[in-house]
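S.K.: Provided below are the primary sequence and the corresponding predicted coordinates.
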Amino acid sequence: QVQLVESGGGLVQAGGSLRLSCLASVGGAFSPYRLGWFRQAPGKEREFVAAIIWSSSSPYYADSVKGRFTISRDIAKRTVYLQMNSLKPEDTAIYYCAAQSWGVSPSRYDYWGQGTQVTVSS
């Protein structure tokens, strides 16, 4: 079983930065295929933000965050990060970390964290 715990959310002014972290706790080896960040704003559906292939660190981004957000991972620390720069009020949402196992559908994430709130004031 994998437990994901996000941290680093908070309140920031537009144009500011935050770095989110997601720590994976497992009973044994941790080797997912991909780790992703998603977000859900009030009244909206959850949307993809960014993902990273765990083994190669190849990143993927939603168009809305390209050039502003950077995803990275530290294998030794079992942690994935989301550096968010030039934040906008529309980035306000609960941000979730998720892990995808090998061999599953690309749209399927098996494990989810509880989320961390990011609020960007104008």
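M.R.: Here it is on my side, so go on. Numbers count the residues shown, from 1 in each chain.
S.K.: Just the strands from the protein, written as ranges.
M.R.: With DSSP state E as the criterion, the chain has strands at 2-7, 10-13, 18-26, 34-40, 47-53, 59-61, 69-74, 79-84, 93-100, 111-112, 116-121.
S.K.: Just to check, R68 is in contact with N85?
M.R.: Yes: with contact defined as CB atoms under 8 Å, R68 reaches N85; the gap is 5.3 Å. Heads up, the C-betas are built off the backbone N, CA and C, glycines and all.
S.K.: Number of residues surrounding F38?
M.R.: Neighbour count of F38, defined by other CB atoms under 10 Å: 21.
S.K.: nope, W112 is what I meant
M.R.: For W112, using other CB under 10 Å, the count is 17.
S.K.: List the beta-bridge partners for it.
M.R.: Beta-bridge pairing for W112 (DSSP bridges): A98.
S.K.: Per-residue confidence, W102, what does it come out as?
M.R.: In this model, W102 is scored at 89, pLDDT.
S.K.: next one: V2
M.R.: For V2, pLDDT reads 89.
S.K.: which residues touch the nearest residue to G113 once chain neighbours are set aside?
M.R.: Excluding its sequence neighbours, the residue lying closest to G113 (CB to CB, 6 or more residues apart in numbering) is L4, at 3.7 Å. By CB atoms under 8 Å, 6 or more residues apart in numbering, the residues touching L4 are C22, L23, A24, S25, C97, A98, A99, Y111, W112, G113.
S.K.: before we move on, what about A62?
M.R.: Shown in contact with A62 (CB under 8 Å, 6+ apart): E47, F48, V49, A50.
S.K.: same question, I71
M.R.: Contacts of I71 (CB under 8 Å, 6+ apart): W37, A50, A51, I52, P59, Y61, V80, Y81, L82, Q83.
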